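Enquirer: Need the 3D shape of this:
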Amino acid sequence: MSVYPYLVAAWLFGVGTYGIVTSRDCVHLIVCLTVVQSSTYVVLLGVGYVTGGKAPIFADIPTTSVTVDPVVQALTLTDVVVEATVTALLLALAVQAHKRFRSVDPDQMGLMHG
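Expert: Numbering: from 1, shown residues only. Model (predicted):
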């Protein structure tokens, strides 16, 4: 097991978090949140990686072969779908905020009244 996927994931998480903290634009904030989310893909794939592992399709390989974990692949795919949905929702909210406040800078947006 290699430590490199975890280092890459930590770097992506750090860069994304720094972008979130220093962001002065809603769209930039959403992109940085997407970068943070992508660090979870790297962690999941790092956990599920097996050196010399084959795809878990047992139709054409012996049943004693080493395979990767299909659950981790399914979780990564689910994570991608959830991230795409959250990003689309946040971008739609940013568009609505721009229509209402004529800015995507959080400091220039007025207080929201219910």
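
Enquirer: for this structure, what are the low-confidence residue spans?
Expert: 1, 110-114 (pLDDT under 70).

Enquirer: quick one, longest helix in it?
Expert: What stands out as the longest helix in the chain, according to DSSP state H, is helix 70-101.

Enquirer: Which element, helix or strand, includes the residue nearest to the spatial centre of the chain?
Expert: With distances taken as C-alpha atoms, centre = their mean, Gln37 lies nearest the centre of the chain, 2.3 Å away. Per DSSP states H and E: Gln37 is located in helix 26-48.

Enquirer: Which residues does that helix contact?
Expert: Where contact means C-beta atoms under 8 Å, 6 or more residues apart in numbering, the residues beyond helix 26-48 that reach it are 2, 4-6, 8-10, 12-13, 15-20, 23, 68-69, 71-73, 75-76, 79-80, 83, 86-87, 90-91, 93-94, 97-98, 104-106. In this view, the C-beta of every residue, glycine as well, is placed from N, C-alpha and C.

Enquirer: Dump the C-alpha coordinates for it into PDB.
Expert: What follows is helix 26-48 as a C-alpha-only set of coordinates in PDB (Å, rounded to 0.1, in the frame of the first residue of the first chain):
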ATOM      1  CA  CYS A  26     -19.600  32.400  -4.900                       C
ATOM      2  CA  VAL A  27     -18.700  30.600  -8.100                       C
ATOM      3  CA  HIS A  28     -15.000  30.400  -6.900                       C
ATOM      4  CA  LEU A  29     -16.300  29.100  -3.600                       C
ATOM      5  CA  ILE A  30     -18.300  26.400  -5.400                       C
ATOM      6  CA  VAL A  31     -15.300  25.400  -7.500                       C
ATOM      7  CA  CYS A  32     -13.100  25.100  -4.400                       C
ATOM      8  CA  LEU A  33     -15.700  23.000  -2.800                       C
ATOM      9  CA  THR A  34     -15.600  20.700  -5.800                       C
ATOM     10  CA  VAL A  35     -11.800  20.400  -5.400                       C
ATOM     11  CA  VAL A  36     -12.300  19.400  -1.700                       C
ATOM     12  CA  GLN A  37     -14.900  16.800  -2.800                       C
ATOM     13  CA  SER A  38     -12.400  15.400  -5.400                       C
ATOM     14  CA  SER A  39     -10.000  14.600  -2.600                       C
ATOM     15  CA  THR A  40     -12.500  12.000  -1.400                       C
ATOM     16  CA  TYR A  41     -12.300  10.200  -4.700                       C
ATOM     17  CA  VAL A  42      -8.600   9.900  -4.400                       C
ATOM     18  CA  VAL A  43      -8.900   8.500  -0.800                       C
ATOM     19  CA  LEU A  44     -11.600   6.000  -1.900                       C
ATOM     20  CA  LEU A  45      -9.600   4.800  -4.900                       C
ATOM     21  CA  GLY A  46      -6.400   4.700  -2.700                       C
ATOM     22  CA  VAL A  47      -8.200   2.500  -0.200                       C
ATOM     23  CA  GLY A  48      -9.600   0.100  -2.900                       C
END
